[in-house]
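Chemist: Got a predicted structure plus its sequence, pasted below:
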Amino acid sequence: MGRVAVGVAVIGAAAVVAGAALVVRQRMKNSGRWASVRAVVKELEEKCGTPDARLKQIADALNVEMHAGLASEGGSKIKMLISYVDNLPTGDEEGTFYALDLGGTNFRVLRVELGGKERGVVHQEFAEASIPPALMSGSSDALFDYIAEKLAAFVADEERIYEQPAGKERELGFTFSFPVMQNSINSGTLIRWTKGFSIDDAVGQDVVVEITKAMKRKGVDMRVAALVNDTIGTLAGGRHSDPDVSVAVILGTGSNAAYVERAQAIPKWHGPLPKSGEMAINMEWGNFRSSHLPLTEYDNAMDADSLNPGEQIFEKLISGMYLGEILRRVLLRLAEEACFFGDEIPAKLKSPFILRTPEMSAMHHDTSPDLKVVDDKLKSVLEISHTSVKKRRVVVELINIISSRGARLAAAGILGVLKKLGKDVSKEKTIIAMDGGLYEHYMEYRKCLESTVFDLLGDTTGTSVVFEHYNDGSGIGAALIAASHSLYLDQKF
Ligand code: BGC
């Protein structure tokens, strides 16, 4: 072999060795990264743990807070607000009523025709509009003017098909799904905003006065007969269909629960005892917090960056506005610490709230062998391509951890309410009226919530608690409550 040939052979061998070393180094780097990925997932799983014993402690803690909130105003983080609804619908309600439903990024206007016992809800019509994001943090007048304008358009439109009887004002049930301290069935001041709204000059104002002024400005002739929270509307809508409904839970953008309390069990109520002996309570459970809640660094950071730090902690663990954002934060950590999506951190992953819960739910329900939906969502929402199936599985694993924690905690909340009512030990049938997009569309979450309540209650009591989805309590329920508080009540019943 000539000298040149030997030289080439040596260089060739060196290149092979170097190449092999590179592969080994790359493998070691990859396995190091993979170990970091697994460590992050394991840590999340541990910190999000919700064994049954802990859920029972949470239910007990909620129960204690419920008592404290009923005892005195400001006695607890959960407000236990008096709704002034002391008679839930009976089915006798009759006439045409309107509902205005403002609770998240969309709002709706409805006209509902109630036909009494015989005919129930005869007809309903509605229009929906989204709230432009700028209005969610603008001024009170701007928000209410916008709503009143849409209301004016709805009324103008319906005048072609529906004629309001002469001399009779249109009556409205106003579903306003934020914490409001009511002074009567149709007045109440906003305590604070939640769910991404932050309109400072509206806090402390009577929202019925505000919408009434805006309706005047826009030439809408309507009277607010009832101001209700969406949970109270759902309770009313549920009770209208079934007398066994005594609890309502919303799991949507935000979360909350309402239930029927004995008036005598409300020490802070100083008014005359209602004839029914009952009062519907809007718990505002979203603001519940307890040392038993499994909070992680991601929750704490999300809370600190939120518009309402330190508030709505329970809501931030269980509701639709936040689950996708928690996932984004975990994925960002994986990208930063373990180069999960390659050497560069995907720019979109740094954008708060870009990953919404409906997308998370779609990925959770992906049954394709190569997790095609996960791949699609990572591409379309986060602009992340070329993920391996192994990595997609990690994404689903994270989703499962975050979603199960939320659903199980919501179940603990429900157990707390059932305990307050003594229904955790009773065989009497209790129907829980459920509503909200998270409950309606996120089946894994829903299944986990329902089976957890069942397991916590045990076989004997578990079967007597029934979940019913009451779609649209915040619309029809508000119209029903408006009907039972109508000015023209005597003429109808
Ligand atoms: C609000 C509640 C509301 C719930 C569900 C929460 O953020 O504080 O009033 O019932 O969301 O819409």
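Modeler: The structure has been received and is ready for your questions.
Chemist: residues touching Ser403, list them.
Modeler: Residues near Ser403 by CB atoms under 8 Å, 6 or more residues apart in numbering: Leu323, Met360, Ser361, His364, Tyr442, Glu444, Tyr445, Cys448. Bear in mind the C-beta positions are built from the backbone N, C-alpha and C, glycine included.
Chemist: any idea which element the residue of the stretch 301-450 of the chain found nearest the ligand lies in?
Modeler: Closest residue of the stretch 301-450 of the chain to the ligand, CB to the nearest ligand atom: Glu315 (5.6 Å). Using DSSP states H and E, Glu315 maps to helix 313-318.
Chemist: Which residues of this protein lie near the ligand?
Modeler: 103, 177-179, 194-195, 229-231, 250, 252, 254-256, 284, 286, 315 (CB under 6 Å from any ligand atom).
Chemist: thinking again about what came up before, could you turn the buried ones of the contacts of Ser403 into a PyMOL selection?
Modeler: Buried subset of the contacts of Ser403, written as a PyMOL selection, criterion 16 or more other CB atoms under 10 Å:
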select buried, resi 323+360+361+364+442+445+448
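Chemist: any idea what sits nearest His123, other than its immediate chain neighbours?
Modeler: Closest residue to His123 apart from its sequence neighbours, by CB to CB, 6 or more residues apart in numbering: Glu113 at 4.3 Å.
Chemist: List the beta-bridge partners for the one you found.
Modeler: Thr96, His123 (DSSP bridges).
Chemist: Contact partners for the nearest residue to Ile185 once chain neighbours are set aside?
Modeler: Sequence neighbours aside, Tyr84 is the residue nearest to Ile185 in space, at 4.2 Å (criterion: CB to CB, 6+ apart). For Tyr84, the contact set (CB under 8 Å, 6+ apart) comprises Gln182, Ser184, Ile185, Met279.
Chemist: Mind checking what secondary structure Tyr84 has?
Modeler: Put simply, Tyr84 is coil when judged by DSSP: H, G, I helix; E, B strand; the rest coil.
Chemist: just use 16 as the starting number from now, easier for me
Modeler: From this message on, residue numbering opens at 16, which makes the last subject Tyr99.
Chemist: Check what pLDDT Glu412 gets.
Modeler: We have a pLDDT of 98 for Glu412.
Chemist: isn't it right next to Leu59, touching?
Modeler: No - Glu412 lies out of contact with Leu59 (CB atoms under 8 Å); the separation is 9.1 Å.
Chemist: So the two - more neighbours on which side?
Modeler: Leu59 (22 against 12; other CB atoms under 10 Å).
Chemist: how near is the nearest residue to Met151 once chain neighbours are set aside to Ser98?
Modeler: Closest residue to Met151 apart from its sequence neighbours, by CB to CB, 6+ apart: Phe212 at 4.9 Å. Distance from Phe212 to Ser98, counting by CB to CB, to the nearest Å: 21 Å.
Chemist: what do you get for Ile360?
Modeler: For Ile360 relative to Ser98 (CB to CB), the value is 47 Å.
Chemist: and Val440, what is it in contact with?
Modeler: Counting by CB under 8 Å, 6+ apart, Val440 touches Thr476.
Chemist: name the element it belongs to?
Modeler: Judged by DSSP H and E, Val440 forms part of no helix or strand.
Chemist: now Gly84
Modeler: Here Gly84 is assigned to helix 67-86, by DSSP H and E.
Chemist: ok so, going back, count of neighbours near the residue nearest to His138?
Modeler: Using other CB under 10 Å, the number of residues around Glu128 comes to 17.
Chemist: which stretches of the protein have low pLDDT?
Modeler: Counting by pLDDT under 70, the ranges of the chain that qualify are 16-44, 175, 177, 182, 502-508.
Chemist: Point me to the residue of this structure nearest the ligand.
Modeler: Counting by CB to the nearest ligand atom, the chain gets nearest the ligand through Gly269, at 2.4 Å.
Chemist: can I assume that residue is in contact with Ser334?
Modeler: Yes - if you go by CB under 8 Å, Gly269 and Ser334 touch, sitting 5.2 Å apart.
Chemist: which residues are common contacts for the two?
Modeler: Listed as contacting both Gly269 and Ser334 by CB under 8 Å, 6+ apart are Gly301.
Chemist: More neighbours: which of Ile360 and Ser98?
Modeler: Using other CB under 10 Å, the more surrounded residue of Ile360 and Ser98 is Ser98, with 26 against 15.
Chemist: That one against Glu293, yeah?
Modeler: No - in this structure, Ser98 is not within contact of Glu293 by CB under 8 Å, at 10.8 Å.
Chemist: So what sits opposite Arg277 in the bridge?
Modeler: Glu293.
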